[in-house]
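Asker: Quick one: sequence plus predicted model below, questions after.
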Amino acid sequence: MLAAAGVLPAGAMALPPAAPFAAADPAYRMRFPHDHGSHPDFRIEWWYITGWLRTRDREDCGFQVTFFRVRPPSQVANPSRFNPEHIIIAHAAVSDRRLGKLRHVQRAARQGFGLAGSDTGNTRVWIDRWQLLRDGPLYRCWIGNRDLALDLVLETRQTPLLQGTDGYSRKGPEAGSASHYYSLPQLRASGRIRIDKTAREVEGEAWLDHEWSSSLLEPDAEGWDWIGINLADGGALMAFRMRNRRGGTLWAGGSWRDASGSVTGFRPDQIRFTPLRRWRSPLTGAEYPVSFEVLAGPLRLRLEPLMDDQENDTRATTGAVYWEGAVRALGDKREIGRGYLELTGYLRPLQI
Amino acid sequence: MIRALWQALVGSSLRAQPGRTLLATLAIAAGIALGYSVHLLNASADAEFRRAALQLSGEAELLVRGPRQGFDEQLYPQIATLDGIAIASPVLEFQASRDAGNAPLRIIGIDALRARELQPALVAGQSLPAAGLFEPDSIILSAAAARSHGVAAGDLLDFRAGTVTVALRVAAVLPDGSYRQPLGIMDIAAAQWRFGMTGVLHRIDIRLDGEVAAAAVQKSISALLPEGVELLTPEAENLRSAALTRAYRTNLDMLALIALFTGAFLVYSTQTLSMLRRRSQVALMRALGAPRGTVLGVLLAEGTLIGAAGAVIGIAGGFVLARQLLASVGMDLGAGYFRNLQAALHPEPAAALFFLLLGPLFALGGTLAPAIEIAGMPAARGLRAGDPDERVSAFPALAGVAAIGSAAMLLWAAPSTGLPLHGHAAIALLLAGATLAFPPAAIRLLKLARLPLPLPHALSLARLLATPRLTAIGMSSILVSFSLVVSMLLMIHSFRTSLDAWLDQVLPADIYVRAGGGGETAFLSGREQQRIASIPQLLRVEFLRSRSLLLLPGRPPVTLIARDPGVDGFSRSLPLVGAPAAPGADGPPAVWISELVADVLALQPGDPIRLPLGMQPQIFAVGGIWRDYARQNGAVVMDLADYRRITGDQTVNDVAAWLAPDARVTEISGLIRAAADDGSALEITATADLRRLSLDIFDRSFAVTWALQAAALCIGLLGVWLAFNAQALSRRREFGMLRHLGLTRREISVMLGVEGALGAAIGAACGMVAGGLIGLILIRVINRQSFHWSMDLAVPWLPLAALFTGIILCAAVAACAGAAMATRQEMTRAVREDW
């Protein structure tokens, strides 16, 4: 999940409107590979890959690659081929412990002319030469510029984990606030990462979220806390909570696939996020709870970040500042999994 | 000793004649003030242009630019996907028409997501609210645009696309610093759609990724470009926008330098006179043992000081003058080149220093020759009273003849295009040569002529001829200033007369209708044309479509004018220069090119010419060459029927209409407005008004040259006054003698007045000849090369005669006044003086 689309303005006008956005439907049944592809009728959609990578000299780093497809709210039947029907946004970050903060690249472009877009039917989403492409069991991902480049292959080893009820994931108490959402945990990642001029071979484990919606955030929502953890035993845990503007929990959800493959969904009252330690960003002044105790049904785990400063400033493309970083999941003192923690809306309430 | 010398030579002179030193200082100051202010305005306009262009191109390393009607947007993905391209940012750029009476606004349509990488000042950062970037009814204005159109954020602003109104909401106003010129920014999709330009781009800004050699990328881009679309660097783009006004600005700079030159010449003549006057003091000092070098040094120091003081006053005055001019007539000095340019003065220390140094330098130059002569004069001769040395060396006259000869050679060798630096150099040489050679030549001629004159007048003439050196100095300042004024008068008068005749020929109809108040987005559709053509009170209508073509490499686009040929065809209706080509039976269709196009492409009537029109470049034949004073970047005229056949474009911008004999303009205007979809968008002008407007613009653009001429004339008259006044005073002894011989004071005054008038007449006559020659260079060389337009020579006899008389009168009065002062003394004292 992610923070998206601060580029999108609001406002009405007296120009011919285009078709309204589609709404998430609890009766919808996902089918693959069709649902790996884009869902252009929905306002917002993302393919979100996170994971832990190791270099040859056993150094750990976290990485995140996200491709968004968003539609500006004021859609008009403009015959121009530049009509901004869809905006594609991509960013990537690497948690480099030597640097002590994130390395980060981002780009946004309107869909069209073959220069940026997202295919239906299977995963292909791209901006210029940056792209994420699904090719059988493999995802190929290339993103980068002069400062940072990731060239990764992600191998699918498990079936899609449908979140919520058959992939219909509620995000708040109101009936309409929901998304279609599945995850691909336990991906095997391999490839190369280049930071400045230094390229290194890497391999590790990753997690892919694919989610699409037209109404995600309720007016009262301030932001969310989210985790996606690849458990050491081959299982996977996803949990999130939407926070309201008073700091309380507006909604929560999650699911756990155990080592045997059986899936448990959690009701809002089965999830609890308890902050253990906070870190204040010297750059933006935002304060993030970078360590949590998470209760999810029968599971209890403590999250410890790879490093404290994993703040991500994407105001230039999505308009959001958030914390998004690699975390270890600890059971009773023992590491039971690794994954990613995302904290949004801590600088100011998130807007989509 | 130096101090004593200074006291004796400089201090005493300053005390005795403070006014004269002050005048010399002021003359230098006036020249420098004029030169510096014109330069300051020019340099500031240039800096403003560059700054605006740089902000617009931002961090782009290359630009692909097409003509005003744009190029196919498919070029954008083709270029964006080339190897070596980091960012390609598509841009739509046009002058959006507003209602008649409102100036058009320059709008750029951009893809903010691409442009913010290249134009961060305009697009990215906190300065620009995200809102509005994708809104189809939004426009973001620069602060200057908001001011000049009187709107604020949230207001609606109406534009014309065709004859349809496009209302845009001002989503935001950029802070003052982001872009100083009037500009509107829209989403590219909204701009394409709302202004009827879907499928078209005007520019692609490019940044390279640095991984492929720039030359290789340029090559692969160039291979994709259709005819009429160019690949440029931002620097080349800047140069091109500056090229538009470069010629005009060079001309002004040169005029300012001539004013400076005139001022310097005045210093030369006052210094020479003041040296001659002090020759006995100098001789005394030398006799008392002052070394020659020290005397020379003191004299030169005096000249340098005068120059330096003049320069300081001149720089300050120049700055104030520039500010006044900027406030009253604008940065282009009223010429209308950058009507919308918002500008402030950008004084550069280097330029100020240059002009500051010119003062002492010119003054030193003016002092050098007389100072060397006096300091080196044997003391015994200097102490003897009497007229200064009047032996005339032939050298200056010969040098003058040589300078005039070189001027002729330069003109002969001058290239036909580019900046007319040859022409300016030739003018400078001609001026210098005339100053050196003409007065001695005139004196020699007068000597040969032996005019029979009554006694006092014969005396005057004899005196003039006997003191050729003094006479020459007095004449020269008249010559310099008068020749400048004569040349400008001649050029401007010829230009205005030619323009007047030209307007008659290009505006044959009774009224002219234009869609929208200028700008590029308004036009009349085929249906509207039909309705206008069928108005019964109109005897005849002609339609005109104008658009731009990138035809000349490295120059701004030329204007393509497609219009009805008129009853007699283009060879009659266009103001042709030279004969048209013989019409071929089945050759390619004819187009008619303006002089600029003919000059740059070196074309003659009958030659083939390729125009990037429609999908494929088309071959045409040059039907003839015509004179165009209206479009400074060149123009090509073709038959509207040919244009429509090739492009399929049925729209027009302008209509020329002939009224039935009893029809009234107001009534017809109403009918025409009713025939358009939105009549209020039309600008309808009667031909008389259009003519008057054109001539007004012409006069305004030459307003500043009048000021320069007036200044030159004043400096010249000052020189005359000084010269004759000084002479009168230095000849007190002679006058005393004459009075002893029985002449009355009145007769002496008359004699001196006639002397002055004669001297001035000779100087003015020389100036007339030199000015006539310079005027011819201005007309035939400088204007032709700067602006590529020819004009017919027309001599403004009446103003010239008035000027001529005025100068002679002024000189006579100056001399009489001097004589009156000089003869006020008693005769005996006057005769005794100096013995």
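Answerer: Now that the structure is in, tell me what you want to look at. Residues are numbered from 1 along each chain as shown, chains lettered A, B, ... in the order given.
Asker: tell me the SS of residue A:323?
Answerer: strand (DSSP: H, G, I helix; E, B strand; the rest coil).
Asker: what's the burial count for it?
Answerer: Around residue A:323 there are 25 other residues, counting by other C-beta atoms under 10 Å in any protein chain shown. (C-beta placed from N, C-alpha, C; glycine too.)
Asker: Residue B:43 now?
Answerer: For residue B:43, using other C-beta under 10 Å, the count is 19.
Asker: How much space separates it from chain A?
Answerer: 37 Å (C-beta to the nearest C-beta, to the nearest Å).
Asker: Distance check, that residue against residue B:782.
Answerer: Between residue B:43 and residue B:782 the computed distance is 21 Å (C-beta to C-beta, to the nearest Å).
Asker: Residues contacting the helix or strand bottoming out on mean pLDDT in chain A, please?
Answerer: Within chain A, no helix or strand scores below strand A:311-314, which has a mean of 86 by mean pLDDT, DSSP states H and E. Strand A:311-314 is contacted by residues A:3, A:64, A:91, A:93, A:101-102, A:104, A:106, A:281, A:283-284, A:286, A:288, A:320-324 when judged by C-beta atoms under 8 Å, 6 or more residues apart in numbering or on different chains.
Asker: And stretch A:253-271, by the same measure?
Answerer: A:158, A:161, A:163-165, A:169-171, A:185, A:231, A:233-241, A:249, A:251-252, A:294-297, A:299.
Asker: Of those, just the buried ones, PyMOL syntax please.
Answerer: To isolate the buried members of the contacts of stretch A:253-271 in PyMOL, using 16 or more other C-beta atoms under 10 Å in any protein chain shown:
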select buried, chain A and resi 161+163+164+169+170+171+185+231+234+235+236+237+238+239+240+241+251+252+294+295+296+297+299
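Asker: now, which of the contacts of stretch A:253-271 lie within helices?
Answerer: The members of these all map outside helices under DSSP state H.
Asker: picking that back up, direction included, what does the least confident helix or strand of chain A pair against?
Answerer: When pairs are called by DSSP bridges, strand A:311-314 turns out to pair with strand A:320-330 (antiparallel).
Asker: Report the distance from the strand it pairs with to the chain centre.
Answerer: 11 Å (C-alpha atoms, centre = their mean, to the nearest Å).
Asker: Tell me the helix or strand right after it.
Answerer: Once the chain leaves strand A:320-330, the next helix or strand it forms, by DSSP states H and E, is strand A:335-343.
Asker: tell me which residues in that next one are buried?
Answerer: For strand A:335-343, by 16+ other C-beta under 10 Å, it's A:336-343.
Asker: Show me which residues of chain B are close to chain A?
Answerer: Within chain B, the positions near chain A by C-beta under 8 Å from any C-beta of the partner chain are B:73-74, B:76-77, B:80-81, B:86, B:90, B:111, B:113-114, B:116, B:124, B:130-137, B:187-190, B:192-193, B:198-199, B:209-210.
Asker: ok, now with 7 Å
Answerer: Contact residues, chain B versus chain A (C-beta under 7 Å from any C-beta of the partner chain): B:73, B:76-77, B:80, B:111, B:113-114, B:124, B:130-137, B:187-189, B:192-193, B:198.
Asker: so can I have TSV of the buried residues of strand A:335-343 showing distance to residue A:142 and pLDDT?
Answerer: Shown next, in TSV, are the buried residues of strand A:335-343 (distance: C-beta to C-beta, whole Å; pLDDT from 0 to 100):
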residue	distance to residue A:142	pLDDT
A:336	32	94
A:337	28	95
A:338	24	96
A:339	23	96
A:340	20	96
A:341	26	95
A:342	23	95
A:343	28	94
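Asker: ok, back up a step: the contacts of stretch A:253-271 in strands, which ones?
Answerer: Judged by DSSP state E, the contacts of stretch A:253-271 include A:161, A:169-170, A:185, A:231, A:236-241, A:249, A:251-252, A:294-296, A:299 as members of strands.
Asker: Pop out the phi and psi values for the residue lying closest to residue B:702 once chain neighbours are set aside.
Answerer: Counting by C-beta to C-beta, 6 or more residues apart in numbering or on different chains, residue B:702 lies nearest to residue B:492, which is 5.5 Å off, once chain neighbours are set aside. For residue B:492, the backbone dihedrals (degrees, to the nearest 10) come out as phi -60, psi -40.
Asker: How many residues are close by residue B:492?
Answerer: 20.
Asker: where does residue B:87 fall, phi/psi-wise?
Answerer: phi -140, psi 130.
Asker: Surely it and residue B:118 touch.
Answerer: Yes. Residue B:87 lies in contact with residue B:118 (C-beta atoms under 7 Å); the separation is 6.2 Å.
Asker: Could you tell me which residues touch both of those two?
Answerer: Common contact partners of residue B:87 and residue B:118 (C-beta atoms under 7 Å, 6 or more residues apart in numbering or on different chains): residue B:207.
Asker: which residues does residue 40 contact?
Answerer: Unless you meant another one, I'm taking chain A. Counted by C-beta under 7 Å, 6+ apart, residue A:40 has contacts A:86, A:120.
Asker: looking at chain B here, not the other one
Answerer: B:318-319, B:322, B:345, B:347.
Asker: can you check residue A:109 too?
Answerer: By C-beta under 7 Å, 6+ apart, the neighbours of residue A:109 are A:88, A:115-116, A:127, B:113-114.
Asker: quick one on the thing from earlier: give the buried subset of the contacts of residue B:40 as a PyMOL selection command.
Answerer: In PyMOL syntax, the buried subset of the contacts of residue B:40 is picked out as below (16+ other C-beta under 10 Å):
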select buried, chain B and resi 318+319+322+345
